[in-house]
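Generate a structure from the sequence data that follows.
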Amino acid sequence: MLKKIVSICLICMLAFPISVFVLSRGDKVGAEDIERAQDFLSVSENMTKPCTKEDGSKFVIGYIDIDPYPATGEILYYFIDQLRESGWITYEGELPFDAANTDAKELIHFLAQQDLGPYMCFSDEANYYTSEVYDGVDFVKKDLRKRVDAKEIDMLFCLGTQPADMVINEMGITEIPIIVSGSTDPVGAGLSDTDEYSGKANVWCHTNTDVYKNQMKYYYNSHPFTNIGMVYYDEVIASLQPYSEAAENIGFKITAKKIEREMTDDYYEKLAQTYEELVNEGIDAFLLNSDIIQDEKMIAPLLDVFYENNIPVFVQNNEYYVRYGATMVVTASDAKMQAPFLVDVVSKVLHGEEPGNLNQKFVEPPFLSLNLEAADRVGFEADADMLLSAEKLYMHTERN
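Presented below is the predicted three-dimensional model:
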């Protein structure tokens, strides 16, 4: 595990001091230089080793999310798996959850019932969904504030923009470290000052916003379009700013419609009507934005209107949409690859480093997934390079 963390997260950091030694002395690297480099490596390695609190007790981790959502559930799943591989927690067998479709709150509840070893545990009380269908914002704010004031939790793991905004900006929690993942644009959302550093002593946010500009360029180069449609409920979560910059640079139009994301009985009926409106307005491509379709059974039926009109469906985030009917996703949001980076950050924080002093930017290699049935329906021709580079190829759309 340590080797993975070092190779993925620390190699650039390690290269810097060693290069300083080499450049400052030319090819005359002495024993003192080597010793300093080894000391730096030793310190970095020690920072990843599990530890207890100063009094010997376990660190208690709280969790907050919006609602059950495969994307954030997957991030949590692989984060937990990586905590075990790194030695922070232990448990028997495999997690009794599906990595691609995990109810995050249920996973935390499961972990809270387990003896995870001497270093870390998860709070079943500070385990929230902010959606009004579940705990609701008002309850979460009141209960979380009570538990922070009582010093019941040592770190809060936030998944998604809305929960992080609530905790950081609305509640102003500064007493404990806050680790944010699953936010598409933390800077645009006001969670972080820059991509590199949050500007807040107790806050760290995973950032990789450059991927959305590059993603749109890839979609355009793969299947040139003149007018791509989007449906969104929040401009930051939908990454409208980087997508608009890509559109201006390349020269295509974005037709975007905003909807209210409330999971009422008629939500998907209204969404289907909005999709029909986009088709009637002459779009020739569609981008399925984050967190718009949550029910996997609804993906294929809702997307049929695009295929009936020869319109390919690209995806902002989350590979499972391709499995259930979208044409293609190219993204750097790979939860499994992010996990060592997240664990390394958490480890450093629990060893005493301030989250605001830790670099946040980590962009993974692109992940390509392609649905060949969906591509064939719109005449999308995948070349040999695309087929060879795809992480996953689906021959058929999975329908429930």
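
What sits closest to Gln82 if chain neighbours are left out?
Of all residues not flanking Gln82 in the chain, Ala339 sits nearest, at 3.8 Å (Cβ to Cβ, 6 or more residues apart in numbering). C-betas here are computed from N, CA, C, even on glycine.

What separation do you get for that neighbour and Phe139?
Note on Ala339: its distance to Phe139, by Cβ to Cβ, to the nearest Å, is 30 Å.

The two - which one has more neighbours?
A direct count of neighbours by other Cβ atoms under 10 Å for Ala339 and Phe139 places Ala339 higher, at 26 against 13.

ok, the more buried one to Pro177 distance?
From Ala339 across to Pro177, the span is 18 Å (Cβ to Cβ).

One more: Thr331?
27 Å.

Which stretches in the stretch 301-400 of the chain count as strands?
Secondary structure of the stretch 301-400 of the chain (DSSP state E, counting those that start in this stretch): strands located at 313-315, 328-331, 367-371, 392-394.

contacting residues for Asn214?
Neighbouring residues of Asn214 by Cβ atoms under 8 Å, 6 or more residues apart in numbering: Pro366.

what about it, which helix or strand?
Asn214 belongs to helix 210-222 when assigned by DSSP states H and E.

Tell me the strands beside the helix or strand following that helix, with direction?
Heading C-terminal from helix 210-222, the first helix or strand you meet, by DSSP H and E, is strand 227-232. Its sheet considered, strand 227-232 pairs with strand 253-258 (parallel), strand 285-288 (parallel) by DSSP bridges.

Run the angle between strand 227-232 and helix 210-222 for me.
Relative orientation of strand 227-232 versus helix 210-222 (axes from the mean of the first three to the mean of the last three Cα atoms, to 10 degrees): 140 degrees.

Touching strand 227-232 from outside, list them.
Under the contact criterion Cβ under 8 Å, 6+ apart, strand 227-232 has outside partners 219, 238, 240, 243, 247, 252-259, 271, 274-275, 278-279, 281-287, 289, 292, 311, 314.

distance between it and the chain's centre?
22 Å (Cα atoms, centre = their mean, to the nearest Å).

and what of stretch 129-149?
Counting by Cα atoms, centre = their mean, stretch 129-149 comes out at 22 Å from the chain centroid.

Kindly report the same for stretch 59-73.
The chain centroid and the centroid of stretch 59-73 are separated by 11 Å under Cα atoms, centre = their mean.

Ok, stretch 343-360 next?
Relative to its parent chain, stretch 343-360 has a centroid offset of 18 Å by Cα atoms, centre = their mean.

Can I get that stretch in CSV, CA atoms only?
C-alpha atoms of stretch 343-360 as CSV (Å, rounded to 0.1, in the frame of the first residue of the first chain):
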residue,chain,number,x,y,z
VAL,A,343,-6.1,8.3,2.1
ASP,A,344,-2.7,9.9,1.9
VAL,A,345,-4.3,13.3,2.6
VAL,A,346,-6.3,11.9,5.5
SER,A,347,-3.3,10.3,7.0
LYS,A,348,-1.3,13.5,6.9
VAL,A,349,-4.1,15.4,8.5
LEU,A,350,-4.5,12.8,11.3
HIS,A,351,-0.7,13.1,11.9
GLY,A,352,-1.2,16.8,12.6
GLU,A,353,-0.8,18.6,9.2
GLU,A,354,-3.3,21.3,8.5
PRO,A,355,-5.6,20.5,5.5
GLY,A,356,-5.1,24.0,4.1
ASN,A,357,-1.4,23.3,3.7
LEU,A,358,-1.9,20.2,1.5
ASN,A,359,-2.0,20.4,-2.2
GLN,A,360,-5.5,19.5,-3.6
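
Tell me where the stretch 1-150 of the chain has strands.
All strands of the stretch 1-150 of the chain, identified by DSSP E, counting those that start in this stretch, fall at 59-65, 120-129.

winner for burial among those strands?
strand 59-65 (a mean of 25; mean count of other Cβ atoms under 10 Å).

ok, it: who's next to it in the sheet?
Paired with strand 59-65 in the same sheet, following DSSP bridges, are strand 120-129 (parallel), strand 155-159 (parallel).

Out of these, which is closest to Thr194?
Checking those against Thr194 by Cβ to Cβ gives strand 155-159 as the closest, at 18.5 Å.
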